[in-house]
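*Asks:* Show me how the following folds:
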Amino acid sequence: MKKKKKFRPFSRRLTRRLVLTLFVVLSLLCTWIVMIGWAMVVIQTEMNYVNQLHLCREKIRQVMSDIHVATVNLVPEIEANLDRPDAMSRITERMVRLNPNIRSCGISFVEGYYPQKGRAYCPYTLRNDSSEVEVRNPVTKNNNYLETEWFKQAIAADSGYWSKPFADGFDKKTPLVAYMVPIHDRERRTVAILGVDLSLEWLNDYMGNADGSLLDYQDDGFSLSVVFGSTYLFIIDKDGTYILYPDKERILKENYFTRAKETPDTLDDYLGHQMVANRVGVFHKDDEENELILNGESSYAFYQPMSNTDWSIALVIPWFGVNMWAIGLTIALVFFMVVGLLVTFFVSSRMVRHATKPLKQLASSAGVVAQGRFDAPLPNIRHNDEIRLLRDSFENMQHSLSDYVEQLQATTAQKASIESELKIAHDIQMSMLPKTFPPFPERQDIDVFGKLTPARAVGGDLFDFYIREEKLLFCIGDVSGKGVPASLLMAVTRSLFRNISSYTSEPNQIVIALNSVMAEDNETSMFVTLFVGVLDLASHELRYCNAGHDAPLLIGHDVRPLPCDANLPVGVMSGWEFTQQTTTIAPGTIIFLFTDGLNEAENADHDQFGDNRILSVAHAIAAEGCCRPDEVIDRMGAYVHNFVADAEQSDDLTMLAVQLK
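*Replies:* Numbering: from 1, shown residues only. Just a heads-up that it's a prediction; the model follows:
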């Protein structure tokens, strides 16, 4: 039993379609807005981070500039007190106390400048871990600066410059960078080097790079406090050595490129090469959309070179930190879109239900009409619109249905009468054909089997056979056309065959006589393809005449078609001389006759069964040893049925098999 579909009101479906349309439009609009907004927000965020990197760089530059200025301003005081060696320690101490961003300060004199102080003299003041200032003597037996490379380089430079980063000479671990300035005597000879040290660990802490306070650094109203994830600064020199990094253990001890080579991708290597080349830029993906991964997460890197040094600074921001505003914008748009759709759905539902209320009433009345009550009242529609036109159309349909039902009852009665008559005609037609098999049970020398399957209630195929004077007379034919006219001509042909063959046993004379009768006054131009055979049961001689019919097959040890002359069908031309042929049939051979309903049988793709398939099936039947006429016809029928499958039968199908045992 077919399951009844669930009822869905038209108003609800119309509302859903309206909301779906609005959803598609809003989705496309929101997608366009999100794409543009995302791009604009990301671009603006990148610009803000570029500015932030610039501010961080300027903050570092300001610290180094303050040290530079303080160092340069201290030179005149030192040069004015060169004749007072004991004053040098007080000068360095005051320098460290007055400048909290200075870690240490020292004046390294050339060899023997103060004989009373020994070969090397270097007043030196540092700020220790407890932030206390203390004066020390860095010159020891194992630590003589006179032989160091940096001292020789500073003497040779004879100008101020920032040194390469180095580890503190006392604790051997504190990373420092120093601004070196030469001290001259009155004859402008270089007599000492003033070195003011900046602690890179202090600078790292000062920038908030170690504890995350960088995120709270503000300037001109810009803040990084909204960023989540590992946001940090790092600085490398031209060799890739870390100058600043959140992990202080890496400063001066590790190289950027060493870490980069340990990762499977090459994007971090590319970033390092861009930085040591003093390039300015933003990097996140390459041309193949591979993302830059730093510290295990997708990141943006904003980088710039540091002025007056060979350093390059980079600000690393996680992907979410750059795209969070775009993500927030997307979430907000989706939220408002959903809210808008819900509001639209409820408003549209009320409007559609109100507009379709008359339709519901009309549908109820139509259901009553569908039950056969054509006089059922229809609702009154006040509005002069399409629903009113539909109501009037239903009213007209009621009157039309009443008239149509009366006509249908009369037509049905007539059709039933015609079908009954066709059924009687079918029974009469089938009764005219042999229907008792085996037809000659008392004889052991002959076996015959035939089968007719009409395409309609009645058809135009025929076959017949009987024995007279130890001769088997048989025929098979196919009337042109189908239906009742073909069945009438089939009945006439079968009756004429019986009457004419009772006087003569010559197949060509039988066919000539049939043609003479049927061609006369043939106003309908109908004809019959016919095969007539006479088999002498004693001599095994077969005389036959073929009038435009398909050649039979001889199925025995092998399979071959029976040679047939080209004659016209019966009823086409009066006076045609039909030829007769003779052959001998070997015992056990089956004469297989058929109409074109076999070779022209079509499947659903309109492919025909064809003569080749008939021959192929006949060979298979012969090989399998099917030796009885009924077996041959049943097997051939099964093959053609499987080929046709569910396709409608297009023509009458008749098969006749005669076997001389």
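*Asks:* where along the stretch 201-350 of the chain do the helices fall?
*Replies:* 256-261, 267-276, 319-355 (DSSP state H, counting those that start in this stretch).
*Asks:* Turn these into a markdown table, columns for mean neighbour count, mean pLDDT and distance to residue 200.
*Replies:* To be clear about C-beta, it is placed using only N, CA and C from the backbone, and glycine gets the same treatment. Shown next, in a markdown table, are these (neighbours: other C-beta atoms under 10 Å; pLDDT from 0 to 100; distance: least, C-beta to C-beta, whole Å):
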| stretch | mean neighbour count | mean pLDDT | distance to residue 200 |
| --- | --- | --- | --- |
| helix 256-261 | 17 | 85 | 15 |
| helix 267-276 | 19 | 86 | 17 |
| helix 319-355 | 15 | 74 | 26 |
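*Asks:* Next, format these as CSV and append distance to residue 404.
*Replies:* What follows is these, written out as CSV (distance: least, C-beta to C-beta, whole Å):
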stretch, distance to residue 404
helix 256-261, 88
helix 267-276, 80
helix 319-355, 32
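*Asks:* Quick check: which element contains residue 183?
*Replies:* Applying DSSP states H and E as the criterion places residue 183 in strand 175-184.
*Asks:* Now that strand: buried residues?
*Replies:* 175-183 (16 or more other C-beta atoms under 10 Å).
*Asks:* Can you give me the separation between residue 571 and residue 606?
*Replies:* 29 Å (C-beta to C-beta, to the nearest Å).
*Asks:* cool, and residue 595?
*Replies:* Distance, residue 595 to residue 606, by C-beta to C-beta: 19 Å.
*Asks:* now do residue 144
*Replies:* Separation of residue 144 from residue 606 (C-beta to C-beta): 109 Å.
*Asks:* the more surrounded of these two?
*Replies:* Taking other C-beta atoms under 10 Å, residue 144 and residue 606 do not tie; residue 144 has more neighbours (15 against 8).
*Asks:* Could you pull up the residues touching the more buried one?
*Replies:* Residues near residue 144 by C-beta atoms under 8 Å, 6 or more residues apart in numbering: residue 120.
*Asks:* tell me the pLDDT at it?
*Replies:* We note a pLDDT of 78 for residue 144 in this prediction.
*Asks:* and stretch 381-399, how far from the chain's centre?
*Replies:* Here stretch 381-399 is found 48 Å from its chain centre; the criterion is C-alpha atoms, centre = their mean, to the nearest Å.
*Asks:* my bad, should have said stretch 49-68
*Replies:* Distance, centroid of stretch 49-68 to centroid of chain: 52 Å (C-alpha atoms, centre = their mean).
*Asks:* then that stretch to PDB, C-alphas only?
*Replies:* Output of stretch 49-68 as PDB, limited to C-alpha atoms (Å, rounded to 0.1, in the frame of the first residue of the first chain):
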ATOM      1  CA  TYR A  49      51.200  46.500  13.700                       C
ATOM      2  CA  VAL A  50      53.700  48.100  11.300                       C
ATOM      3  CA  ASN A  51      53.300  51.300  13.300                       C
ATOM      4  CA  GLN A  52      53.600  49.400  16.500                       C
ATOM      5  CA  LEU A  53      56.900  47.800  15.300                       C
ATOM      6  CA  HIS A  54      58.100  51.300  14.300                       C
ATOM      7  CA  LEU A  55      57.200  52.500  17.800                       C
ATOM      8  CA  CYS A  56      59.100  49.600  19.400                       C
ATOM      9  CA  ARG A  57      62.000  50.300  17.200                       C
ATOM     10  CA  GLU A  58      61.900  54.000  18.100                       C
ATOM     11  CA  LYS A  59      61.700  53.100  21.800                       C
ATOM     12  CA  ILE A  60      64.900  51.000  21.500                       C
ATOM     13  CA  ARG A  61      66.500  53.600  19.400                       C
ATOM     14  CA  GLN A  62      65.700  56.200  22.000                       C
ATOM     15  CA  VAL A  63      67.400  54.200  24.800                       C
ATOM     16  CA  MET A  64      70.500  53.800  22.600                       C
ATOM     17  CA  SER A  65      70.300  57.400  21.600                       C
ATOM     18  CA  ASP A  66      70.200  58.500  25.300                       C
ATOM     19  CA  ILE A  67      73.300  56.400  26.000                       C
ATOM     20  CA  HIS A  68      74.900  57.900  22.900                       C
END
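*Asks:* Give the rounded mean pLDDT of that stretch.
*Replies:* Mean pLDDT, computed over stretch 49-68, is 88.
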